[in-house]
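K.L.:
predicted structure and sequence below. I'll ask about it afterward.
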Amino acid sequence: MCPADQVATNNDHLVQSEDPEHPANLIPELCRKFYNWGWVTGTGGGTSIRQGDHIFIAPSGVQKELMQPNNIFVLQWPTPKYPASDRNYIRKPLKLNPSACTPLFLTAFEQGAGCCIHTHSQWAVLVTLLVEREKGPDACFEISNIEQIKGIPRGKGKGMLGFFDTLKIPIIENTAFEEDLTSGLEAAMNKYPDTYAVLVRRHGIYVWGDNTAKAKTQCESLDYIFQLAVEMHKLGLPWVK
Ligand SMILES: CSCCC(=O)C(=O)COP(=O)(O)O
Ligand SMILES: [Zn+2]
């Protein structure tokens, strides 16, 4: 756990609220759920929320399910993505570093997202392995004729996908360091401007939404679909009719 006595008193009021929906309360609460779903075990994965001109970010390398509100970093939005030293932190807990996923979360916020979730779900990883043969910029997971596809938006302001639509989630290659995934994420977003998620080969997935509830439900729908896809593959059933 992140020790409470290692926390600075800088702008503590930004993470102190009785409101369970406040991002500083919501991020630890969500990460406890995500841990139980196998999404953020072993310190991997995480979540970031934008509220107005503040971005709330978890620390790096901590047990995400044990996080407390006073462990949360706050960035003034907008903020430079690079170099990291130029980012506008207005709250930095002592002896902790911000998540290595920060530039990826910022990339989602640049697209207008209100929340971004990164998971290391084994179903997401397995799907990237099953389409491993299609390496390169065109790598993509595709599935159709599954009811849960309706839980994924067609694109911003375009409503939700329908049963007969084909869900497409781009896959980018993993890198040695989480931060170095940023250019791949940006490229995938440019190539698939309607996507709300990008898979990372042998690593996991980034999912974002207009707000926290949408990011969470979209991530749940995708995880359901990935698990189903793995089981379909084992039964020799095609993903696209
Ligand atoms: C065993 S986790 C490896 C790092 C990673 O992929 C990740 O998502 C966690 O990054 P953070 O800096 O938020 O701990
Ligand atoms: Zn990761």
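P.N.:
Sure, I can see it. Values in this document were obtained by computation on a predicted structure and should not be read as measured data. Ligands and ions are numbered 1, 2, ... in the order given.
K.L.:
tell me where the protein has strands.
P.N.:
Listed in chain order, the strands of the chain (DSSP state E) span 46-51, 54-57, 73-76, 89-91, 115-119, 140-144, 166-172, 197-200, 204-209.
K.L.:
CA atoms of the longest one as PDB?
P.N.:
In other words, strand 166-172. The C-alpha trace of strand 166-172 is given here as PDB (Å, rounded to 0.1, in the frame of the first residue of the first chain):
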ATOM      1  CA  THR A 166     -18.600  -5.200 -37.300                       C
ATOM      2  CA  LEU A 167     -16.700  -4.100 -34.200                       C
ATOM      3  CA  LYS A 168     -13.100  -3.200 -35.100                       C
ATOM      4  CA  ILE A 169     -10.400  -2.600 -32.400                       C
ATOM      5  CA  PRO A 170      -6.900  -1.700 -33.700                       C
ATOM      6  CA  ILE A 171      -3.900  -3.600 -32.300                       C
ATOM      7  CA  ILE A 172      -0.500  -1.900 -31.700                       C
END
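K.L.:
identify the residues contacting that strand?
P.N.:
For strand 166-172, contacts defined as C-beta atoms under 8 Å, 6 or more residues apart in numbering pick out 128, 131, 134, 139-144, 146, 149, 152, 161, 181, 184-185, 187-188, 191-192, 195, 197-201, 205, 222, 225, 240. The way it works is simple: take the backbone N, C-alpha and C, and place the C-beta from them, glycine included.
K.L.:
filter the residues you listed to the buried ones?
P.N.:
Neighbour counting by 16 or more other C-beta atoms under 10 Å classes 128, 131, 139-141, 143-144, 146, 149, 152, 161, 181, 184-185, 188, 192, 195, 197-201, 205, 222, 225 among the contacts of strand 166-172 as buried.
K.L.:
just the residues you listed that are near ligand 1?
P.N.:
Among the buried ones among the contacts of strand 166-172, no residue sits close to ligand 1 (C-beta under 6 Å from any ligand atom).
K.L.:
rewinding a little: most packed of the strands of the chain?
P.N.:
strand 115-119 (a mean of 29; mean count of other C-beta atoms under 10 Å).
K.L.:
gap between that strand and the chain center?
P.N.:
2 Å (C-alpha atoms, centre = their mean, to the nearest Å).
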